[in-house]
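>>> The following comprises the amino acid sequence and a computationally predicted model.
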2 protein chains.
Amino acid sequence: MAKRSVGGEIKLTLGQYLASIRDDRGFSQRDVEKATNKVVSNAYLSQIENNQIKRPNPNILNSLAELYNISYEDLMERAGYVVPTRSRRGDEQRHGRIATFAEHNLTPEEEAKLVEYLGFLRSKK
Amino acid sequence: MAKRSVGGEIKLTLGQYLASIRDDRGFSQRDVEKATNKVVSNAYLSQIENNQIKRPNPNILNSLAELYNISYEDLMERAGYVVPTRSRRGDEQRHGRIATFAEHNLTPEEEAKLVEYLGFLRSKK
DNA sequence: TTTGCATGCTTGACATTCTAAGCATTTTAG
DNA sequence: CTAAAATGCTTAGAATGTCAAGCATGCAAA
């Protein structure tokens, strides 16, 4: 069960946190399994809550976040993943060059062919 | 290099994308290993680029994103992870990724040839 | 040519995630 | 009370990620 540390400064483990939320929501582990369409099995959830899994797949964390209505980013952080920061997003564009194809709405197929063609262009020195 | 499926669909894989960026940056796989302080070994990078790894750990993707100066979120998405959404919303199934060629430091010549090639691709539709 | 090195790649070993199946205890129904 | 269901948990093993070591090729200098 979730350890109670209301207002405590000790950081909860990912497992403790998830268990406390589930408890609050009144879900059983099997409820979660069903609600997530087996994305999270009850057995696996038990392992997560008991800290036997260091880093569950982000997509699993996302399923739990949606079901519990909590922050996916927060879960990622608690699991030890670097979280994308909005403020820093897009820095890659600061090399000044205009994103030539940004407005072309390339389909993935076109994108692939163009990259292939660029590789060809550059390969012939 | 682009993978062709039976249906004729072509899509840039995570590996192809990462390889093309590394090529653009002029790094060898061992350069990356050194620059990331062994967070990404050359052997592993090779496997990633050859699509032998379905989902590299997000933290590895983040190291590559920082080294290449590209978007971590974009890499997460290409790797099949759900990306935290804080304000981006409502854009259904559009090809929501960052324009690939914003990252390739195209010369004007390359840009011209790619635009021409894109026109060719679209003309025969 | 030969030597040496840079580069990309492969392999074998190990670590971890994740699933399938089932166990132990408690709770609920009859 | 007993039987069944619910709940949390364990475990074996498959699947996958990751690394150290080494192989093969290409290339450039001697």
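Here it is on my side, so go on.

>>> Would you mind giving the domain segments of chain A?
Domain assignment for chain A, taken from automatic domain parsing, gives A:14-78, A:95-123.

>>> rank the ones you listed by pLDDT, which is bottom?
When these are compared on average pLDDT, domain A:95-123 comes out lowest at a mean of 63.

>>> Show me which helix runs longest in chain A.
Among the elements of chain A assigned as helix by DSSP state H, the one spanning the most residues is helix A:108-123.

>>> which non-adjacent residue is nearest the closest residue to DNA strand C within chain A?
Of all residues in chain A, A:N57 sits closest to DNA strand C, at 2.7 Å by Cβ to the nearest atom of the strand. Yep, even glycine has a C-beta here, placed from its N, CA and C like the rest. With Cβ to Cβ, 6 or more residues apart in numbering or on different chains as the measure, B:R55 is the residue that lies nearest to A:N57, at 7.4 Å, once sequence neighbours are left out.

>>> Put the alpha carbons of the longest helix of chain A into PDB.
The C-alpha trace of helix A:108-123 is given here as PDB (Å, rounded to 0.1, in the frame of the first residue of the first chain):
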ATOM      1  CA  PRO A 108       6.800  10.600 -44.900                       C
ATOM      2  CA  GLU A 109       7.300   9.000 -48.300                       C
ATOM      3  CA  GLU A 110       8.500  12.200 -49.800                       C
ATOM      4  CA  GLU A 111      10.700  12.900 -46.900                       C
ATOM      5  CA  ALA A 112      12.300   9.400 -47.200                       C
ATOM      6  CA  LYS A 113      12.900   9.800 -50.900                       C
ATOM      7  CA  LEU A 114      14.500  13.200 -50.500                       C
ATOM      8  CA  VAL A 115      16.800  12.100 -47.800                       C
ATOM      9  CA  GLU A 116      17.800   9.200 -50.000                       C
ATOM     10  CA  TYR A 117      18.400  11.500 -52.900                       C
ATOM     11  CA  LEU A 118      20.500  13.900 -50.700                       C
ATOM     12  CA  GLY A 119      22.600  11.000 -49.600                       C
ATOM     13  CA  PHE A 120      23.200  10.200 -53.200                       C
ATOM     14  CA  LEU A 121      24.100  13.700 -54.000                       C
ATOM     15  CA  ARG A 122      26.600  13.900 -51.200                       C
ATOM     16  CA  SER A 123      28.000  10.500 -51.800                       C
END
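
>>> which other helices and strands contact that helix?
Helix A:108-123 sits against strand B:10-11, helix B:14-25, helix B:108-123, with contacts defined as 3 or more Cβ pairs under 8 Å, 6 or more residues apart in numbering or on different chains; DSSP states H and E.
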